[in-house]
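> Structure, please.
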Amino acid sequence: MRSTRGGGNHLSSCGKAFTLAEVLVTLGIIGVVSAMTVPSLMQNYQRQSYVTQLHKVYNEFQQASVQYMTERNALNLKEAGLTTNDEVNNWLKKYFKIVQECDSMDNCFAAESVYKKLNGTIVDGYDRANKSFVLASGASVRAIINSDGDRLLSIGVDINGQKGPNIQGRDLFWIYLYNNGVVDDYGTYAPMTKEQRTEMYNNACLSSGSGAGGCFGKILNDNWQMTY
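Residues are numbered from 1 along each chain as shown. Here you go, the predicted structure:
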């Protein structure tokens with residue numbers, strides 16, 4: 001019988017393990033890539049979270065307006081009776097889930113000096129004396145009558161209440177309810193054009209002046225994305 005010692009039936013494999021240096025280099029590359037991408041991913045996630053909360057508040061105001069006009073068989077909000085701040089507060093308490101009521105913005109919102117614009121300047125030039133409310137979602141809202149044409153209500157919204165970052169365009173927004181029941185940015189009628197919203201964004205959201213609004217319109221223009 002022929003011997004098979006050292007013959008072709010013997011299976012063998014040859015592998016090469018990673019050296020410690022190669023493992024360290026690989027981990028270093030992963031660390032660098034993570035350091036470059038994770039902060040951006042977290043920032044995008046946080047911004048989208050803000051937009052999601054803002055969208056929820058927007059929907060609540062939009063739906064409450066339609067329901068209010070429908071129940072009163074009215075063609076617009078003024079005809080339905082939304083003409084005084086007292087009626088506005090009653091409307092909020094009827095159609096929204098309120099968990100806290102404040103005589104002014106001082107207790108439902110952060111302090112006035114805390115709110116900053118995107119460029120770091122203090123947000124000013126708005127009325128804090130009217131009643132404000134905290135919704136079940138955690139958002140703080142203050143709505144007051146604005147008798148300037150079809151722009152009926154000026155609404156301050158902090159989508160996470162007194163919590164930070166308290167920056168206009170991040171968690172603080174100014175939205176406006178028009179007589180036809182449409183929620184939009186600061187303008188003369190609604191819905192506004194993209195050009196009108198862009199102008200407001202440049203003149204108010206990005207500006208260091210006292211103008212309110214602009215940030216919300218930019219989000220509407222960008223299909224509910226916070227791209228700034």
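> Quick one: neighbours of Arg170, just the number.
Look at Arg170: counted by other C-beta atoms under 10 Å, it has 21 neighbours. (C-beta placed from N, C-alpha, C; glycine too.)
> Leaving out sequence neighbours, find the closest residue to it.
Closest residue to Arg170 apart from its sequence neighbours, by C-beta to C-beta, 6 or more residues apart in numbering: Tyr50 at 5.8 Å.
> Then Tyr126?
Ala212 (5.8 Å).
> helices or strands next to the lowest-mean-pLDDT helix or strand in the chain in the packing?
Least confident helix or strand of the chain, by mean pLDDT, DSSP states H and E, is helix 20-71 with a mean of 85. Applying 3 or more C-beta pairs under 8 Å, 6 or more residues apart in numbering; DSSP states H and E, one finds that helix 20-71 contacts helix 77-80, helix 85-95, strand 151-158, strand 172-178, strand 183-184, helix 215-221.
> sorry, back to before: who are the neighbours in contact with the residue nearest to Arg170?
159, 170-171, 226 (C-beta atoms under 8 Å, 6 or more residues apart in numbering).
> Roughly how far does it sit from Ala17?
48 Å (C-beta to C-beta, to the nearest Å).
> again, but for Leu82
Counting by C-beta to C-beta, the gap from Leu82 to Ala17 is 75 Å.
> quick one: which of these two has more around it?
Leu82 (24 against 7).
> Low-confidence ranges, this structure, go.
1-16, 33-39, 41 (pLDDT under 70).
> Would you mind writing the CA trace of stretch 114-134 as PDB?
This file holds the C-alpha atoms of stretch 114-134, laid out as PDB (Å, rounded to 0.1, in the frame of the first residue of the first chain):
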ATOM      1  CA  VAL A 114     -32.700  84.900  28.600                       C
ATOM      2  CA  TYR A 115     -34.000  84.800  25.000                       C
ATOM      3  CA  LYS A 116     -31.400  85.400  22.300                       C
ATOM      4  CA  LYS A 117     -31.500  85.600  18.500                       C
ATOM      5  CA  LEU A 118     -29.400  83.400  16.300                       C
ATOM      6  CA  ASN A 119     -26.700  86.000  16.300                       C
ATOM      7  CA  GLY A 120     -26.600  86.200  20.100                       C
ATOM      8  CA  THR A 121     -28.500  89.500  20.600                       C
ATOM      9  CA  ILE A 122     -31.400  89.700  23.100                       C
ATOM     10  CA  VAL A 123     -34.900  89.200  21.700                       C
ATOM     11  CA  ASP A 124     -36.900  92.300  22.600                       C
ATOM     12  CA  GLY A 125     -39.800  94.400  21.400                       C
ATOM     13  CA  TYR A 126     -42.600  92.000  22.200                       C
ATOM     14  CA  ASP A 127     -45.500  92.200  24.800                       C
ATOM     15  CA  ARG A 128     -45.000  89.900  27.800                       C
ATOM     16  CA  ALA A 129     -47.900  91.300  29.800                       C
ATOM     17  CA  ASN A 130     -50.800  89.100  28.400                       C
ATOM     18  CA  LYS A 131     -51.800  85.700  29.700                       C
ATOM     19  CA  SER A 132     -49.800  82.700  28.600                       C
ATOM     20  CA  PHE A 133     -50.300  79.000  28.800                       C
ATOM     21  CA  VAL A 134     -48.400  75.700  28.900                       C
END
